[in-house]
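Student: Got a predicted structure plus its sequence, pasted below:
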Amino acid sequence: MAQKYYQKEIETMPVEEMKKLQSEKLVKQVKHVYDNVEYYRNLMDEKGVKPEDIKGIDDLYKLPFLSKADLRDAYPYGLLAKPLSECVRIQSTSGTTGRRVVAFYTQHDVDLWEDCCARAIVAAGGTKEDVCQVAYGYGLFTGGPGLNGGSHKVGCLTLPMSSGNTERQIQFMTDLKATILCCTPSYAAYIGESLKEQGYKPEDIPLKAGIFGAEPWTEEMRQSIQNTLGIKAYDIYGLTETSGPGVSFECSEQTGMHVNEDHFIAEIIDPDTGEVLPEGSKGELVFTSLDKEAFPLLRYRTRDICVLSRKKCSCGRTLIKMAKPMGRTDDMLIIRGVNVFPSQIETVLLKEGYEPNYQIVVDRVNNNDTFEVNVEMTADQFTDKVGDILSMEKSLAEAMKTMLGINPKVHLVAPKSIARSEGKAVRVIDKRKLI
Ligand code: DLL
């Protein structure tokens, strides 16, 4: 692996040395944030913590958490730690305006992010000889731009396909002999099925590896994608708030994702009490970014439920590993790679004159997410004319598509037919059984 982006001195660094490096960076980062981000300075002042109190990672627990609610409060510029004149890029989440997270990058931040993605590509066996097809969405979503940048850094021939247009994906893949595919696992499965339908056998497909993430997927799904495409399928994790993909990546062992600990400190906390839990415990994943300049986050609560492990890895890397995320502490669903909150559906229903009596049913059929919303008509709206119902369903589905960016199948049902709950309403039936 004589590769610039296999950074052996970092990736196999003894744990104690890594902790020392993290400590040095943390002290500087806390000062940078305190001096430049009034919002976080106030949080620290409220907690009675000063930058001098943070002498290393053992003091990390003293710092206040930052949550998605803080990001919304501070929207759009409130967490910026560099002058806008030094920022060169934004990326954003797939939520709607109210939920949107906007992350800012200096050129240094873009480089750092792309380095992280380059490490992931190299860990998946990528070299400058490879042809890397990036079929994550491009634009505000971080998937396309992140892997695109990483692929350039490794020196692969990069195919900036973006997602969709499967016919064209297959044509470029086969004509240009793409060897690495980067996209969501569900899209990889769909591309696999389409290739199969066209008569391709795994051995006819030029791919050797895939780098799949941005949504939960199971080991069974990994096996199925590997078999259909004849590849090794690697997981990759990240979130817009921490730059995007590349916070962690899988190696040849394929048993969890190594966190790029020289850039991010990972913690697991009890989501109810905020207490830091020991290695191996299941809890909420929290990240502190050590090198990000424009949008540094200290103790950011991801809401992803996860486990960290320092078990020795056969690849030789000493970077801590995170398991596949096992769910979320909030009600966010990820459907076809898009973040969906039940509250967004509720907003549309109320706007369109419906009562908020609804149920979201999500399933995965042939490795594709299905997304249905059952909605009660009010007594006034009730009709048994099929034509009327169909046109009401169509216009409600369109309003939801505008809000969410993806198309649900809407079913209007009779008044009072959705079960009422005595406790918390069960708004979501997720049959995907991902973990
Ligand atoms: O999904 C960034 C990304 C792009 C990651 C491409 C990997 C590949 P967001 O849209 O902000 O960013 O969504 C972040 O997606 O908090 C997790 O809940 C979920 N997620 C991301 N990667 C994985 C994964 C991108 N490998 C949210 N497994 C996160 C399970 C994942 N969930």
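Tutor: Received it, and whenever you're ready, just let me know what you need. Residues are numbered from 1 along each chain as shown.

Student: I'd like the average pLDDT over stretch 361-377.
Tutor: In this model, stretch 361-377 carries a mean pLDDT of 93.

Student: Take that stretch and give me the span from its first residue to its final residue.
Tutor: The first residue of stretch 361-377 is 17 Å away from its last residue (CA to CA, to the nearest Å).

Student: For that stretch, buried residues please.
Tutor: For stretch 361-377, burial by neighbour count (16 or more other CB atoms under 10 Å) applies to 361-362, 364, 367, 369-371, 373-377. Placement of C-beta: from N, CA and C, glycine included.

Student: and that stretch, how far from the chain's centre?
Tutor: Distance, stretch centre to chain centre, for stretch 361-377: 21 Å (CA atoms, centre = their mean, to the nearest Å).

Student: try stretch 76-90
Tutor: Its chain's average C-alpha position is 22 Å from that of stretch 76-90, according to CA atoms, centre = their mean.

Student: Kindly check the end-to-end length of it for me.
Tutor: 11 Å.

Student: who touches it?
Tutor: Here stretch 76-90 makes contact (CB atoms under 8 Å, 6 or more residues apart in numbering) with 32-33, 36-40, 70-71, 102-107, 109-110, 140, 293-297.

Student: quick one: which of those residues sit in helices?
Tutor: For these, the ones inside helices are 32-33, 36, 38-40, 70-71, 107, 109-110, with DSSP state H as the criterion.

Student: Among those residues, which pair sits farthest apart?
Tutor: Asp70 and Gln107 (25.9 Å; CB to CB).

Student: neighbour count winner among the two?
Tutor: Taking neighbours as other CB atoms under 10 Å, Asp70 and Gln107 compare with Asp70 leading, 19 against 13.

Student: so who does that one touch?
Tutor: The neighbourhood of Asp70, defined by CB under 8 Å, 6+ apart, consists of 39, 43, 79.

Student: Backbone dihedrals for Ala266, both of them.
Tutor: phi -100, psi 140 (degrees, to the nearest 10).

Student: Just to check, it is in contact with Leu308?
Tutor: Yes - look at Ala266 against Leu308 with CB atoms under 8 Å: they come within range, at 5.9 Å.

Student: who touches both of those two?
Tutor: Jointly contacting Ala266 and Leu308 under the rule CB under 8 Å, 6+ apart are 259, 285, 320, 322.

Student: Just the closest of these to the ligand, please.
Tutor: Using CB to the nearest ligand atom, Leu285 is the member of the shared contacts of Ala266 and Leu308 that lies nearest the ligand, at 8.2 Å.
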